[in-house]
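Trainee: here's my sequence, what's the structure:
(2 chains, ligands or ions: 3)
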Amino acid sequence: MRLDPDGGPLLVDGPVEVVTEDGTTHFSHRPTVALCTCRRSARYPWCDTSHRARAPERADAPDSPEEEPR
Amino acid sequence: MTTPARSRLTRPRLPEPRGPVSAGVVEALRSGGSPVTDGAEATADPYGEDLQLALYVLYELHYQGFAGAPADDSREWDPELLALRATLEQPFLAALRADAERPASAAAALDALLVEPAGHRPGSVSHHLRRTHRLPELREYAALRSLYHLKEADPHAWMIPRLRGRAKAGLAAVEYDEFGAGRAEDVHARLYAELMAELGLDPAYGHYLDAAPAAALATVNLMSLFGLHRALRGALVGHFAAVEVTSSPGSRRLADALRKAGAGPAAVRFYEEHVEADAVHEQVVRRDVVAGLLADEPELDADVAFGVAATSLLEDRLGALLLDAWTQDRSALLPGHHADAVARPA
Ligand code: FES
Ligand SMILES: [Fe+2]
Ligand SMILES: [Fe+2]
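Mentor: Ligands and ions are numbered 1, 2, ... in the order given. The predicted model follows:
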């Protein structure tokens, strides 16, 4: 198990079963699973990168690659 | 139309040439002879249609090859084709090095990507698509991206023999997930073929090559270039990290766009899977692959940073082309019958 030093998810080896506060059991068969620790994830208990810092809107914001999965 | 499960069983037709260099390459493959280009590669625009298509075709010999090129399988290591490829790679790499930003370090380059904009970001394709959620744009986007996603994670596998220890273990863990973690039906390239079929696109491997402008080909050529040269392993690690870091939030926007456009569950699934998978991949790539490589070979820091910056450069070029076309109600695809088939909703 590894904790992200920057306030991100807890990485655990899968498959895992997580029981959330409301008693629901969530299952993931991923080899590595990122558990949300910030509570902001829309896919809680899994991390969806919602923990990231947000930049205010700026017209001259630095460019970044077009967020394309792989 | 090819079924998703058979996507990778088909070989694309040799494409229509876009100038003297690509004509020489295509003809060499069709005839089995030597490439004749009359030195046109010396003056070809490194980002142009002719050079990028020629490079794309030459790189494809290392993946799946082409139909209608009989001796194709044996030409992967043809010395004349490899020599020509090298003369095309040099100006492409030189242009990337000249035009990409120079981040202070690999860490600085990646940290900049870890900050999400608070709202709509103009100039971002995924932000645009989430806002407009127009099916014709989403179908064009899916057709163009198919050149990579139908071989998703393949070029990164070339990194494996060049890494060791922590970096190798981390890369292999991510690749295992990309390749379905032991389940053929979960291979990401297969999920993408399902997305295409759901959108009424032909999921046959390479089907949309003729419709893809150079700016789209260049994003795939970048991975092949970095992947096929051990000397560029640092750049490939940087590219890999840049894509994994930016993918999860972008995938959420694309999943939203498809849902709002009324696309079916198989189309949404590809991007939803990447919201979650790439939240994991990002962590593993930064902590193990990038940090592991730089612990072993700290002198590669600038190369990793270059890989991140070159990825941003080419993605921005493609994004500008797409948004320019769509905001003027034009197709972003090259004209031709494949493009027509995309523009017409299924
Ligand atoms: S830790 Fe990543 S979304 Fe909460
Ligand atoms: Fe993937
Ligand atoms: Fe990934």
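Trainee: which residue is nearest the middle of chain A?
Mentor: In chain A, the centroid-proximal residue (CA atoms, centre = their mean) is A:Cys47; its distance is 1.8 Å.
Trainee: pretty sure it contacts B:Glu282?
Mentor: No - A:Cys47 lies out of contact with B:Glu282 (CB atoms under 8 Å); the separation is 9.2 Å. In short, each C-beta sits where N, CA and C put it, glycine included.
Trainee: follow-up on the earlier one: look up phi and psi at the residue nearest to the centre of chain A.
Mentor: phi -70, psi 140 (degrees, to the nearest 10).
Trainee: so what's it up against?
Mentor: The contact partners of A:Cys47, taken as CB atoms under 8 Å, 6 or more residues apart in numbering or on different chains, are A:Gly8, A:Pro9, A:Ala34, A:Leu35, A:Cys36, A:Thr37, A:Ser41, B:Glu276, B:Ala279, B:Val280.
Trainee: restricted to helices, list these.
Mentor: Taking DSSP state H as the definition of helices, the contacts of A:Cys47 contribute B:Glu276, B:Ala279, B:Val280.
Trainee: could you dump those into a markdown table and include pLDDT?
Mentor: Shown next, in a markdown table, are these (pLDDT from 0 to 100):
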| residue | pLDDT |
| --- | --- |
| B:Glu276 | 95 |
| B:Ala279 | 96 |
| B:Val280 | 96 |
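Trainee: for these, pick the one with the most neighbours.
Mentor: In terms of neighbour count, B:Ala279 stands highest of the ones in helices among the contacts of A:Cys47 at 28 neighbours, by other CB atoms under 10 Å in any protein chain shown.
Trainee: that one contacts B:Gly250, correct?
Mentor: No - at 11.9 Å, B:Ala279 does not count as touching B:Gly250 under the criterion of CB under 8 Å.
Trainee: for residue 44, which non-adjacent residue is closest in space?
Mentor: By default, I'm working from chain A. The shortest distance from A:Tyr44 to any residue other than its chain neighbours is 5.3 Å, reached at A:Cys36 (CB to CB, 6 or more residues apart in numbering or on different chains).
Trainee: try again with chain B
Mentor: B:Leu51 (4.2 Å).
Trainee: which of the helices or strands spans the one you found?
Mentor: helix B:49-60 (DSSP states H and E).
Trainee: and that helix, what's buried?
Mentor: B:Glu49, B:Asp50, B:Leu51, B:Gln52, B:Leu53, B:Ala54, B:Leu55, B:Tyr56, B:Val57, B:Leu58, B:Tyr59, B:Glu60 (16 or more other CB atoms under 10 Å in any protein chain shown).
Trainee: nearest residue to B:Ala23 in space, please, no chain neighbours.
Mentor: Nearest one to B:Ala23, counting by CB to CB, 6+ apart, is B:Pro17 at 3.7 Å.
Trainee: go ahead and confirm the one you found touches B:Leu51.
Mentor: No - B:Pro17 lies out of contact with B:Leu51 (CB under 8 Å); the separation is 11.8 Å.
Trainee: return the residues in contact with the residue in the stretch 1-150 of chain B that ligand 2 sits nearest to.
Mentor: Nearest residue of the stretch 1-150 of chain B to ligand 2, counting by CB to the ion: B:His149, 8.0 Å away. Counting by CB under 8 Å, 6+ apart, B:His149 touches A:Pro69, B:His188, B:Ala189, B:Tyr192, B:Phe270.
Trainee: about what we covered before: and the residue nearest to B:Ala23, what pLDDT?
Mentor: Per-residue confidence (pLDDT) for B:Pro17: 97.
Trainee: pLDDT weak spots in the chain?
Mentor: Since no chain was named, I'll use chain A. Scanning chain A for pLDDT under 70 picks out the ranges A:56-68, A:70.
Trainee: try chain B instead
Mentor: B:70-71, B:337-341, B:343-346.
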